[in-house]
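>>> Pasted the sequence and its predicted model underneath.
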Amino acid sequence: AGTRASAAFRIANAGNTGLADVRLSATDLRSESAVGLVIPASAVQFAAPSFAGINVGDTARVTVTVAIPRGILGGRYRGSIIVQSAPGAPGQATGGQGEGRTSQEIPLIVIV
């Protein structure tokens, strides 16, 4: 508690079309063993919170850092990394704002 934990991971495009305007965010991390204990989503940061895109079969390296609040009890905290993107090759124009955006959730577990 009161420190930062960091880890790197790769996001892969295993689909059949390139992805553009890729954005990352996180949900709150909730304790698996106690009710009401939360590490807020605002404590989760990404070294690359957005990038132009990922082509089919490619990956992108991202570093996630979680600021563990002081006074938080030890245990497992579970949430999700949310990856949103628009279809199309990187830099390719897509329709209106948010049109055709896809979203994928990746589990995120922090052990304090």
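Noted; the coordinates are in hand.

>>> Output the below-cut-off pLDDT ranges for this protein.
Applying pLDDT under 70 to the chain picks out residues 88-99.

>>> ok, now with 80
Across the chain, residues meeting the criterion (pLDDT under 80) sit at 1, 87-100.

>>> quick one: furthest residue from the center of it?
What lies farthest from the middle of the chain is Gly71; by CA atoms, centre = their mean that is 24.7 Å.

>>> And the longest strand anywhere in the chain, what's buried?
For the chain, the strand with the greatest residue count under DSSP state E is strand 76-87. Using 16 or more other CB atoms under 10 Å as the test for burial, strand 76-87 gives 77, 79-87. The way it works is simple: take the backbone N, C-alpha and C, and place the C-beta from them, glycine included.

>>> which of the residues you listed lies closest to Glu105?
Ser80 (4.3 Å; CB to CB).

>>> tell me the contacts of that closest one?
For Ser80, the contact set (CB atoms under 8 Å, 6 or more residues apart in numbering) comprises 26-27, 105-108.
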